[in-house]
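> Following is a predicted model, sequence given first.
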Amino acid sequence: MFKIVKRLEMAGGTVILNEIEAPLIARKAKPGQFVILKANETGERIPLTMAETDPSKGTITIIYMVVGKSTALFKGLKVGDGYQDVIGPLGKATHIEKVGTVVCVGGGTGIAVLHPITRALKEAGNHVICIVGARTKDLLIMEEQMKAASHDLRICTDDGSYGRKGFVTEELKDILDADKADKKVKMAVAIGPVPMMKFVSKLTKDYNVHTIVSLNPIMVDGTGMCGGCRVSVGGTTKFACVDGPEFDGHQVDYDELMKRLQAYCEDEKHCYNDYCTLRDAA
Amino acid sequence: MTETDVKKPKKEQIPRQPMPEQAPDVRKRNFKEVPIGYTPETARKEAERCLQCKNPGCVEGCPVQVDIPGFIALVKEGDFTKAIRNLWTKNSLPAVCGRVCPQEIQCEGRCIVGKKGDPVAIGNLERFAADYEREHGTGVLPPKQKATGKKVAVVGSGPSGLTVAGDLIVKGHEVTVLEAFHKPGGVLVYGIPEFRLPKAIVASEVAFLGRLGVNVECNAVVGRTVSLDELFEQGYDAIYLGVGAGLPKFMNVPGENLIGILSANEYLTRANLMKAYLFPEVDTPIPRGKDVVVLGAGNVAMDSARTAMRLGADRVRIVYRRSREEMPARAAEIHHAEEEGIEFFLLTNPTRFIGNDKGRLTGMECLKMELGEPDSSGRRRPVPIKGSEFLMDCDLVVVAVGSGANPLLTQSTPDMQLNKWGYIVADPETGKTSKKGVWAGGDIVTGAATVILAMGAGRKAADSIHKYLTWGW
Ligand SMILES: Cc1cc2nc3c(=O)[nH]c(=O)nc-3n(C[C@H](O)[C@H](O)[C@H](O)COP(=O)(O)OP(=O)(O)OC[C@H]3O[C@@H](n4cnc5c(N)ncnc54)[C@H](O)[C@@H]3O)c2cc1C
Ligand SMILES: Cc1cc2nc3c(=O)[nH]c(=O)nc-3n(C[C@H](O)[C@H](O)[C@H](O)COP(=O)(O)OP(=O)(O)OC[C@H]3O[C@@H](n4cnc5c(N)ncnc54)[C@H](O)[C@@H]3O)c2cc1C
Ligand code: SF4
Ligand code: SF4
Ligand code: FES
């Protein structure tokens, strides 16, 4: 069993943080890599990115949004409980390099995934501008950590309850427009909901700024043996779990990804509703 | 039979004892094992059919040279305990092999009784002896040699890795099996379905190794969680790689990423390892197609087709580009599939998949094929017939057209020689790779093959590893 040693609720209980004992994984993990977790005997294998690792303590930290049956089940786990299985580190690590100025764009729990990458880019000597977005103020996570991990933090909310009113793409466009003359922005990293990554990539393509995105297709094994995680990148099929999860944002077929994410939509809904009914009855 | 035969019968001929099975109409909708197994009486009766040949062809046909007349004689006498001990000397997983070996081209294919009639049911007898031991056996462990203090890591818990672990633990070495999945067994747990190989049998084989002292660590992706060099640093003296051929092949035709097109690996892993046929009792879903097409005609394709039928399909079709003669599946699987109502569309090949605006599969365009000149495999090459395109409706396609070498581990081990397809190069007699202290065998060396060949390779490597640990490289 992989024991939970710390648990926090964020964004009004819709987002959960777990710090988990997994010494072998903690020792090897790099920014951008993920783990697959399975809560119990009947559980599903769920991929989540490591938001933090502590090799000396032998722990990893995951931050996830409660969206369906499995994440609801995870939410029920308390400190001292554990996951039956945690597998990793999986996927390729982010390629960290000094390029100049980098803009990191995060939305939803994508912010948690973006955090270690942002920090590593800053440590590598880049000037890091960060834009984080949420639907509303209460749903924004990790503001303090992102502030520390970057040089310049910008906040957007859809409803204007905090920071700029509007989408992260609007803030990004202003930054890129202001940068038109100097061309200091050499790279963008966008992690969040698929539509957000799609529109960020569309924008940065117009400005010719290389962009990395982290994709979240449905996965089973995470080792390249099933092909369930396939995504189209530059017209060829890639397995996100081993070839990614990060890809050149300008090459990704986002529409296909969005459709594939709906594969088990109906089944999942039933499963989640059954679970909630049982849980609330108990 | 000629008249003279009838007039002076030498001895009453016992017919091959049929294996009792669940009726096709019943079993095609459940996941319980299809063949029910022999009773001790039928087993002994079947054993009587063996002529106890002095130069038995059957043994030559078996890749690990099981002492077939020997164990059958013991079954005939009713000494099932001795029979299983005889089997174990050559084959550490008889309950598995009795069920899944392609007997018709191996042991039974060479049985002398089969020249004139039906061969002795060697597989069924092997299965019987193993099942009898599991259910009624003494559970006495084989003797173990004195501890050598040497440590061996076995990567992958398929039949090949399990064989190495079993052989080396009784020779006194310390053995740890590292498995990427959360359950041990390899293809035996994630690929071959419950109705053909109950998972409880695999679990009991693994538990047996555990009782012998083998340490099984799941969730260990070698190449990611730990590298080969790190294993040596941790004090392992030798490493065996039995990681299988876990890379799905696709058709590379347009539309392949539509929802409703899965590799057999994904489909069967969801069904078997994740037990998705029990959804929503378990959390992993699986697409339940109404109109299912399976591409390919090997064991994997038959397993996928029969799984789809059990998940409630109205219609399941196997689409294969060659003809019936070339179908690589075991005869028993093809027969079972046909009995369960699976249809065969031979000499047919898909050219494109068609979907709706939600990205879900609705059909497939195919071409008719004809057989041309023999190709490098000696089989006649299928060639498309021009203008023969036609459409097939379907809502689920399972692609079972073979598998390749998964590069996850080998990529992280650049100092080990691979062939041009990415399989590990290993000495066929010893299993030694080009990297010192590392052996390999099974599907990762030969490409997708059979359980018994993977086990045979494991046995040879175990012998070689034992020699190395005793005398050096
Ligand atoms: C590499 C990777 C890293 C990820 N990192 C994070 C993270 O750090 N934080 C976070 O909140 N989420 C992350 N996700 C998404 C997360 O895996 C899904 O939200 C989760 O699996 C949903 O499971 P569920 O049963 O609660 O919801 P469900 O009801 O099963 O599904 C809700 C939606 O989640 C997606 N989903 C379902 N099963 C899977 C699966 N096995 N693999 C991937 N997606 C699935 C589907 O789009 C589905 O429609 C990541 C996904 C990937 C592939
Ligand atoms: C659906 C199906 C049906 C089949 N039917 C038959 C049949 O009827 N008869 C027959 O004889 N053969 C059959 N076969 C073929 C047979 O199962 C294989 O040839 C055999 O299992 C190969 O054994 P192996 O030990 O080499 O590898 P596998 O059984 O593939 O086991 C390899 C193991 O290694 C693990 N692994 C992989 N990479 C790593 C890593 N980096 N770190 C740690 N662990 C790792 C895998 O998760 C897996 O558990 C079938 C195969 C399939 C897929
Ligand atoms: S191991 Fe397989 S081939 Fe050998 S005797 Fe047993 S069933 Fe036949
Ligand atoms: S060839 Fe047939 S009859 Fe002869 S020993 Fe083998 S099983 Fe018995
Ligand atoms: S999750 Fe199975 S291949 Fe990527």
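Yep, it's here. Numbering: from 1, shown residues only, chains lettered A, B, ... in the order given. Ligands and ions are numbered 1, 2, ... in the order given.
> host element of B:Phe353?
strand B:348-355 (DSSP states H and E).
> what is the mean pLDDT for the helix or strand following that strand?
As assigned by DSSP H and E, the chain's next helix or strand after strand B:348-355 is strand B:361-374. Mean per-residue pLDDT for strand B:361-374: 93.
> ok, how many other residues are close to A:Asp158?
Per other CB atoms under 10 Å in any protein chain shown, the neighbour tally for A:Asp158 reads 14. C-beta coordinates here come from the backbone N, C-alpha and C atoms, glycine included.
> I misspoke; the intended subject was B:Asp415.
By the criterion of other CB under 10 Å, B:Asp415 has 11 neighbours.
> residues touching it, list them.
B:434-435 (CB atoms under 8 Å, 6 or more residues apart in numbering or on different chains).
> mind running it again at 6 Å?
B:Lys435 (CB atoms under 6 Å, 6 or more residues apart in numbering or on different chains).
> Got the domain ranges for chain A?
Under the assignment automatic domain parsing, the domains of chain A span A:2-90, A:101-262.
> for the first one, how far is the first residue from the last?
If I follow you right, that is domain A:2-90. Using CA to CA, to the nearest Å, one end of domain A:2-90 lies 17 Å from the other.
> How far does that domain sit from its chain's centre?
13 Å (CA atoms, centre = their mean, to the nearest Å).
> wait, does that domain contact ligand 2?
No. Using CB under 6 Å from any ligand atom, domain A:2-90 stays clear of ligand 2, coming no nearer than 10.1 Å.
> picking up where we left off before, tabulate the domains of chain A (TSV), appending distance to B:Gly312.
Shown next, in TSV, are the domains of chain A (distance: least, CB to CB, whole Å):
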stretch	distance to B:Gly312
domain A:2-90	21
domain A:101-262	21
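> buried residues in the strand holding B:Phe353?
Applying a neighbour-count criterion of 16 or more other CB atoms under 10 Å in any protein chain shown, one finds B:348-350, B:352-355 buried in strand B:348-355.
> mind putting the domains of chain A in TSV, mean pLDDT and distance to B:Pro254 included?
Shown next, in TSV, are the domains of chain A (pLDDT from 0 to 100; distance: least, CB to CB, whole Å):
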stretch	mean pLDDT	distance to B:Pro254
domain A:2-90	94	28
domain A:101-262	93	11
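> quick one: which of these is nearest A:Leu278?
Among the domains of chain A, the nearest to A:Leu278 by CB to CB is domain A:2-90 (10.6 Å).
> hmm, that closest one in reach of ligand 5?
No. Using CB under 6 Å from any ligand atom, domain A:2-90 stays clear of ligand 5, coming no nearer than 7.8 Å.
> follow-up on the earlier one: wait, which of the domains of chain A is closest to B:Phe80?
Of the domains of chain A, nearest to B:Phe80 by CB to CB is domain A:2-90, at 33.6 Å.
> need the domains of chain A in JSON lines with distance to ligand 1, can you?
What follows is the domains of chain A, written out as JSON lines (distance: least, CB to the nearest ligand atom, whole Å):
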{"stretch": "domain A:2-90", "distance to ligand 1": "2"}
{"stretch": "domain A:101-262", "distance to ligand 1": "3"}
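> Can you get me a residue count around the nearest residue to B:Gly191 once chain neighbours are set aside?
Nearest non-adjacent residue to B:Gly191, counting by CB to CB, 6 or more residues apart in numbering or on different chains: B:Leu268, 5.2 Å away. By the measure other CB under 10 Å, the count of residues near B:Leu268 is 25.
> go on, the one 3 residues further on?
Each residue near B:Ala271 was counted by other CB under 10 Å, and the total is 26.
> B:Val292 is in contact with B:Ala308, isn't it?
Yes. Using CB atoms under 6 Å, B:Val292 is in contact with B:Ala308, at 4.1 Å.
> Please enumerate the shared neighbours of the two.
With CB under 6 Å, 6+ apart, B:Val292 and B:Ala308 have common neighbours B:Val316.
> So what would you say the end-to-end distance of stretch B:242-253 is?
32 Å.
> And that stretch, how far out from the chain middle?
The answer for stretch B:242-253 is 15 Å, by CA atoms, centre = their mean.
> Is that stretch positioned near chain A?
Yes. Counting by CB under 6 Å from any CB of the partner chain, chain A has neighbours in stretch B:242-253: B:246, B:248.
> Quick check: buried residues in that stretch?
B:242-249, B:251.
> I'd like to know which elements the longest helix anywhere in chain A is packed against.
Looking across chain A with DSSP state H, the single longest helix is helix A:265-281. Here helix A:265-281 touches helix A:69-75, going by 3 or more CB pairs under 6 Å, 6 or more residues apart in numbering or on different chains; DSSP states H and E.
> So which other helices or strands are in contact with the helix it packs on?
Contact partners of helix A:69-75 among helices and strands, from 3+ CB pairs under 6 Å, 6+ apart: helix A:265-281.
> Can you list the buried residues in the helix it packs on?
A:267-268, A:271-272, A:275.
> same for ligand 4: which of those are within range?
The overlap between those and the neighbours of ligand 4 (CB under 6 Å from any ligand atom) is empty.
> Looking at these, which is nearest B:His335?
The nearest member of the buried residues of helix A:265-281 to B:His335, counting by CB to CB, is A:Asp267 at 33.2 Å.
> I figured that closest one hits B:Pro285, correct?
Yes. If you go by CB under 6 Å, A:Asp267 and B:Pro285 touch, sitting 4.0 Å apart.
> now the angle from the strand holding B:Phe353 to strand B:361-374?
160 degrees (axes from the mean of the first three to the mean of the last three CA atoms, to 10 degrees).
> and the residue of chain B found nearest ligand 5, what is it in contact with?
Distance from ligand 5 to each residue of chain B (CB to the nearest ligand atom) is smallest for B:Glu266, at 6.6 Å. Residues near B:Glu266 by CB under 6 Å, 6+ apart: A:220, A:226-228.
> Quick check: chain neighbours aside, which residue is closest to whatever residue of the stretch 51-200 of chain A ends up closest to ligand 5?
Minimum separation of the stretch 51-200 of chain A from ligand 5 (CB to the nearest ligand atom) falls at A:Leu90, amounting to 8.7 Å. Leaving aside its sequence neighbours, A:Leu90 sits nearest to A:Gly222 (CB to CB, 6+ apart; 4.4 Å).
> Near ligand 4, which residues of the stretch 51-200 of chain A are found?
Counting by CB under 6 Å from any ligand atom, no residue of the stretch 51-200 of chain A is near ligand 4.
> And the strands in the stretch 51-200 of chain A?
Applying DSSP state E, counting those that start in this stretch to the stretch 51-200 of chain A gives strands spanning A:59-65, A:82-83, A:85-90, A:101-107, A:127-134, A:152-157, A:164-165, A:185-191.
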